[in-house]
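Visitor: sequence unknown, structure follows:
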């Protein structure tokens, strides 16, 4: 830059040549005056503007205030020459803050550069947005940056900068980025072939997913797939291998992303993830002398161990990790020791069994005396997390000994942790009191109010503890120096329970008074006020020291502090009343037990740690708090299901020949009998709205009673289904074909099951990320029916074909798919029919039917539908040959077998039919009746013609 502008080169040389600051200032003032005159005169060409603005920038970089050149910088941005545009953008990013009025003038120029076909101009604009990034600029240009990111024509280096620019804008102004709307399109770029783009987009997804877990849930599968390709299949170019470790930065980010979500219940994803983690841990068993290789490998390994702990603390992987961590906490390298202790604290805060960690308790305690304070902090966290009833006395004792020599920056946190552990794992009241009072004595100014509040609360609520606490606190008060927190506790406990020990030698009322009052002169006003309250209580229980107490009240009536003076006056008046005075006794009554409440110490400690910007996935402490955090990470919202015909189909108790209009009241013949969730409820869980089309509903309903067929088709793809079932298990082959001459990229298939406790459905393997032109893939879905379910799973297929497209369709998996027909004789059938009885284990519906071309009942179709739904059609059972009778057994893995009987009675004259289903489960009866009725029902259009005719 400077080589092309001799004036700038000379100016810089003059500045560097100035021997004293006065000469430098003189040269700068002279140059600024010249530049100001030139700008005022105008008529400057692009080169001159560039040169003068460059001098202004250099002056600003040196630390001098500049108030010129802003307008010229704005003009330079509009230049078509790269060198001029570059200087303009540099001036804007350096000289203007995010609320500058000049920025409004450059927004249109920046937008023009973003939409330009020149990649260099795109990058300059992105740099400016990321560096300035004000609210107005973010609102105006976020859409354009997003467009650059998702555009298939953008160069890879432009897309990388666009992703990082969006990340910067989101961190500064999260409300400006419509994360939920852009989620699927942004996540799809994680399948990009360029790993640099994937790395930048993953950084963006990592930030967005923390606040929008549901919307970015599909990123979980993509992260697992990418990790598998990098770690197991070694699918990466040599450019991205860092000392033989495949792109470790991306691995770390993907492993961290997976920790934001609950462990996947999909067995395919679980298997892939286990293989990835096992491979990462195996790779670290091979020692290397290369420091960079070790650093990269350790970065990935520690994140992998954290993920393994997050998934399942009892897995063999975590046992392997515990062995590795034991090696790391003894390492000579400070960074490795730090990470080993931090990760072991994570394990201790989640694991059920701490034996593997307790083996190294001595090493961990020694780490408290490490030369590096950050290692000492991690050792403290680990000891806090691994403490239980067995080792609490040892750990708390060690922490108390270390407290006296600990860094001042650690002491407040140590006090909180010691107090929490002492309360949580106290085996005896004696140990609790001894430890807490030793803590108050040793910690001094580092004891917060919450600590002694909690001591008072526990002593008050524990009657067996009160006399012992009074004795011990009295002994501490006899020492030459006692900290104010200890005086507060002593004042409260002796005031309430001093009378319990007053008759024992060495604890007389006068000795208690002398020990406590001797400390008051060193205390602040609030503590003295508390001691006055103690004295008024003693007036009631220790009449022998009443003169000394009155003397104290008399002296405090004349102090300058208003609160102390008021208390002293009131207490002096009370103390002069007779001993049997009811008012005095009521005022001095013993404080009742405190209501049970949660310790404020834990909340104070959690507040101290807080959530960090990278979205820490666990908190230091007990396992319960981490379980609560995990549960609150991803709360599923309750959804409202809309079922056809309100609470069920119309039930007819009358005869088939009853009036047609009355029989049809309440029928809704346009909707499906399957429970369908509203679009808003689906969107709240990250599931796109169901794809609608003229044939989608018809294809789905036909597949409910047939084994194979087309589920969805458009000009781009075709989805077909072929299924087979045996008992409670099923296998559904989903065939997805690309009908176009171009490949479908970022291809993803996901399943959403509304009732996972009743129905499980998962893919055997993850679909390939690219579907070649005019090819077909097969995705096998394993299905298991555990209990009765009502909502079929939703298959979501998403891909890039120019734009991002998503197709969501219901899979034809309903309760009747697990129905197996059984043969019954006439006697057995009617015996079981009567045994089951009527409602509620009977579901019945009356509905209109269509006749065939000859005007007869279409018996063949009725038999086909009944048998298609899993029933064994029984011939010769019903005396009326037109009626269809069926029997079947529903298989479920948890609830066992459920018997189901069906009777279909069509009436040719009335063009109505009645279906009756009886089952040992009322839910099954209702569901089966709805399913069977739908395909047999006459079309709504035909019904409308009949009613108008």
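Guide: Ah, there it is. Everything numeric here is computed off the predicted structure, so don't read it as measured data.

Visitor: make it CA atoms for all contacts and neighbour counts henceforth
Guide: Noted.

Visitor: Tell me where the model's unsure across the protein.
Guide: Along the chain, segments meeting pLDDT under 70 span 1-4, 444, 597-600, 602-688, 939-949.

Visitor: domain ranges for it?
Guide: The chain breaks down by the TED database into domains covering 695-813, 817-946.

Visitor: Could you dump those domains into TSV and include mean neighbour count?
Guide: Converted to TSV, the domains of the chain look like this (neighbours: other CA atoms under 10 Å):
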stretch	mean neighbour count
domain 695-813	18
domain 817-946	19
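
Visitor: Tabulate those domains (TSV), appending distance to residue 561.
Guide: Putting those into TSV (distance: least, CA to CA, whole Å) gives the following:
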stretch	distance to residue 561
domain 695-813	66
domain 817-946	73
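
Visitor: For residue 152, find the nearest of these.
Guide: domain 695-813 (7.4 Å; CA to CA).

Visitor: Please list all residues in contact with residue 508.
Guide: 501, 502 (CA atoms under 8 Å, 6 or more residues apart in numbering).

Visitor: ok, now how distant is it from residue 500?
Guide: Computed as CA to CA, to the nearest Å, the residue 508 to residue 500 distance reads 10 Å.

Visitor: re earlier: between the domains of the chain, which one is nearest to residue 240?
Guide: Closest among these, once you apply CA to CA, is domain 695-813, at 20.1 Å.

Visitor: if I look at the nearest residue to residue 865 once chain neighbours are set aside, how far off is residue 441?
Guide: Closest residue to residue 865 in three dimensions, ignoring its sequence neighbours and counting by CA to CA, 6 or more residues apart in numbering: residue 705, at 6.1 Å. Distance of residue 705 to residue 441, computed by CA to CA: 78 Å.

Visitor: got it, and residue 536?
Guide: 26 Å.

Visitor: Spatially nearest residue to residue 750, not counting backbone neighbours?
Guide: Closest to residue 750 by CA to CA, 6+ apart is residue 796, at 5.2 Å.

Visitor: so where does the one you found fall, helix or strand?
Guide: strand 794-801 (DSSP states H and E).

Visitor: Next secondary structure element downstream of that strand?
Guide: strand 803-810.

Visitor: What are the contacting residues of that next one?
Guide: So strand 803-810 is in contact with 184-185, 188, 688-691, 700, 711-712, 792-799, going by CA under 8 Å, 6+ apart.

Visitor: what pairs with that strand, and is each one parallel or antiparallel?
Guide: Taking DSSP bridges as the criterion, strand 803-810 forms sheet pairs with strand 794-801 (antiparallel).

Visitor: which residues touch the strand it pairs with?
Guide: For strand 794-801, the external contacting residues (CA under 8 Å, 6+ apart) are 188, 687-688, 742-753, 804-811.

Visitor: Likewise for stretch 701-720?
Guide: So stretch 701-720 is contacted by 695-696, 699-700, 721-724, 734-740, 809, 811-814, 817, 865-870, 935 (CA under 8 Å, 6+ apart).

Visitor: Take these and keep only those in strands.
Guide: Among the contacts of stretch 701-720, the members found in strands (DSSP state E) are 721, 722, 723, 724, 734, 735, 736, 737, 738, 809.

Visitor: Between the residues you listed, which sits nearest residue 17?
Guide: For the ones in strands among the contacts of stretch 701-720, the nearest to residue 17 is residue 738 (70.3 Å; CA to CA).

Visitor: Next one: the closest one from residue 710, what distance?
Guide: Using CA to CA, residue 738 is found at 14 Å from residue 710.

Visitor: Likewise for residue 34?
Guide: Taking CA to CA, one finds residue 34 at 79 Å from residue 710.

Visitor: Likewise for residue 780?
Guide: Applying CA to CA, the value for residue 780 to residue 710 is 16 Å.

Visitor: picking up where we left off before, generate a markdown table for the ones in strands among the contacts of stretch 701-720, with distance to residue 821 as supplementary columns.
Guide: What follows is these, written out as a markdown table (distance: CA to CA, whole Å):
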| residue | distance to residue 821 |
| --- | --- |
| 721 | 22 |
| 722 | 20 |
| 723 | 17 |
| 724 | 14 |
| 734 | 25 |
| 735 | 28 |
| 736 | 31 |
| 737 | 34 |
| 738 | 37 |
| 809 | 28 |
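
Visitor: Tell me which two of those residues sit farthest apart.
Guide: Greatest spatial distance among those (CA to CA): 724 and 738, at 24.6 Å.

Visitor: Check what contacts stretch 242-259 and list those residues.
Guide: Among residues not part of stretch 242-259, those counted as contacts by CA under 8 Å, 6+ apart are 198-199, 202-203, 206, 209, 220, 223-224, 227, 230-231, 234, 236, 240-241, 292-293, 296-297, 299-300, 303-304, 306-307, 310, 617.

Visitor: Of residue 536 and residue 441, give the one with the bigger neighbour count.
Guide: Neighbours per residue (other CA atoms under 10 Å) separate residue 536 from residue 441, with residue 536 holding more: 26 against 20.

Visitor: show me what contacts that one?
Guide: 549, 571, 575, 588.

Visitor: OK, contacts around the second one?
Guide: I take that to be residue 571. 532, 536, 553.

Visitor: Narrow those to those in helices?
Guide: Mapping these onto helices (DSSP state H) picks out 532, 536, 553.

Visitor: which one's the longest strand in the protein?
Guide: Max-length strand for the chain by DSSP E is strand 896-907.

Visitor: Please compute how far that strand lies from its chain's middle.
Guide: 46 Å (CA atoms, centre = their mean, to the nearest Å).

Visitor: contacts for the helix or strand that that strand is followed by?
Guide: Using DSSP H and E, the helix or strand that follows strand 896-907 in sequence is strand 912-919. Strand 912-919 is contacted by residues 656, 833, 836-838, 841-849, 898-907, 925-926, 928-929, 933 when judged by CA under 8 Å, 6+ apart.

Visitor: Name the strands paired with strand 912-919 and say parallel or antiparallel.
Guide: When DSSP bridges is applied, strand 912-919 pairs with strand 842-848 (antiparallel), strand 896-907 (antiparallel).

Visitor: Could you point out which of the ones you listed sits nearest residue 15?
Guide: With CA to CA as the criterion, residue 15 lies closest to strand 896-907 of these, at 89.4 Å.

Visitor: Which secondary structure elements does the strand or helix carrying residue 366 sit against?
Guide: For residue 366, the element it lies in under DSSP H and E is helix 361-366. If contacts are counted by 3 or more CA pairs under 8 Å, 6 or more residues apart in numbering; DSSP states H and E, helix 361-366 sits against helix 373-386.

Visitor: Please identify the buried residues of the helix it packs on?
Guide: 373, 375-386 (16 or more other CA atoms under 10 Å).

Visitor: Nearest to residue 420 among the residues you listed?
Guide: Set against residue 420, the nearest of the buried residues of helix 373-386 by CA to CA is residue 384 (9.2 Å).

Visitor: pretty sure the closest one contacts residue 421?
Guide: Yes - taking contacts as CA atoms under 8 Å, residue 384 lies within contact range of residue 421: 7.4 Å.

Visitor: Pull the contacting residues for the nearest residue to residue 529 once chain neighbours are set aside.
Guide: Among residues not flanking residue 529 along the chain, residue 564 sits closest, at 5.8 Å (CA to CA, 6+ apart). Going by CA under 8 Å, 6+ apart, residue 564 touches 525, 528, 529, 556, 557.

Visitor: Great, nothing more from me.
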